[in-house]
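J.: sequence unavailable; structure follows:
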Ligand SMILES: [Zn+2]
């Protein structure tokens, strides 16, 4: 069967260190007026799955074909993915700020988690077992990415790594990541961007104070 083209939006590098945190970056510049939504269609969701390595190319091609046959279902699932993403963002952002996540967002997460877990199963993989998802129809297959994301959020919320979730220290960024640095000292989403800007700002203000 002919390969179908999946256009790839300009996703950020996977520096969040946890799937559901990287998912929150599909809305770029969320605190600026020119915020950039990267998830407009089911194909964008598939492109993100490929970008993160949670889908294989042939799976993505198969899902794209199913989505084209069921455009209404596919579009509902994109809306669900965006609501889930926003709930995940608010939950982990409030946790990073040492506050309590909003109950409404926990409800969104728990509703989708219940749906996902009703499709979760364990299958043999080599000499051990791994999580899989059982789908009883083509349209259920389309939910796979949403299920992976919601389970990733549940895993992080119940993990002892939860308190290593941080928001980038740059006020206009606040991008979420899991700090896995040895001494728990990572402050920036990316040293190349926010880290360097902060260094440049510090350098500039020092220079200014010297010249006065
Ligand atoms: Zn940043």
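T.: Sure thing, it's come through. Remember, it's a predicted structure, so these values are computed and weren't measured experimentally.

J.: name the nearest residue to the residue at minimal distance from the centre of the chain, ignoring sequence neighbours.
T.: Note on the chain: the residue nearest the mean C-alpha position is residue 23, at 1.1 Å, using Cα atoms, centre = their mean. Counting by Cβ to Cβ, 6 or more residues apart in numbering, residue 23 lies nearest to residue 149, which is 5.1 Å off, once chain neighbours are set aside. To be clear about C-beta, it is placed using only N, CA and C from the backbone, and glycine gets the same treatment.

J.: confirm that that neighbour sits in a helix.
T.: Yes - Residue 149: assigned to a helix according to DSSP: H, G, I helix; E, B strand; the rest coil.

J.: hmm, residue 20 and it touching each other?
T.: Yes - Residue 149 is in contact with residue 20 according to Cβ atoms under 8 Å; the separation is 5.4 Å.

J.: just the helices in the chain please.
T.: 19-24, 42-52, 57-69, 71-96, 103-117, 138-141, 144-157, 196-211 (DSSP state H).

J.: closest one to the ion among these?
T.: Within the helices of the chain, the stretch nearest the ion is helix 196-211; the backing value is 8.4 Å (Cβ to the ion).

J.: flag every residue of the protein that's near the ion.
T.: Within the chain, the positions near the ion by Cβ under 5 Å from the ion are 168, 170, 173, 175, 189, 194.

J.: where in the chain is pLDDT low?
T.: Low-confidence segments of the chain (pLDDT under 70): 1-2, 198-199, 201-212.

J.: if we go to 50?
T.: 207, 212 (pLDDT under 50).

J.: thinking again about what came up before, overlap in contacts of residue 149 and residue 20?
T.: residue 88 (Cβ atoms under 8 Å, 6 or more residues apart in numbering).

J.: quick one on the thing from earlier: how about the residue nearest to the centre of the chain, what does it touch?
T.: Residue 23 touches 48, 85, 88, 149, 152, counting by Cβ under 8 Å, 6+ apart.

J.: what distance separates the start and the end of stretch 50-66?
T.: End-to-end distance of stretch 50-66 (Cα to Cα, to the nearest Å): 17 Å.
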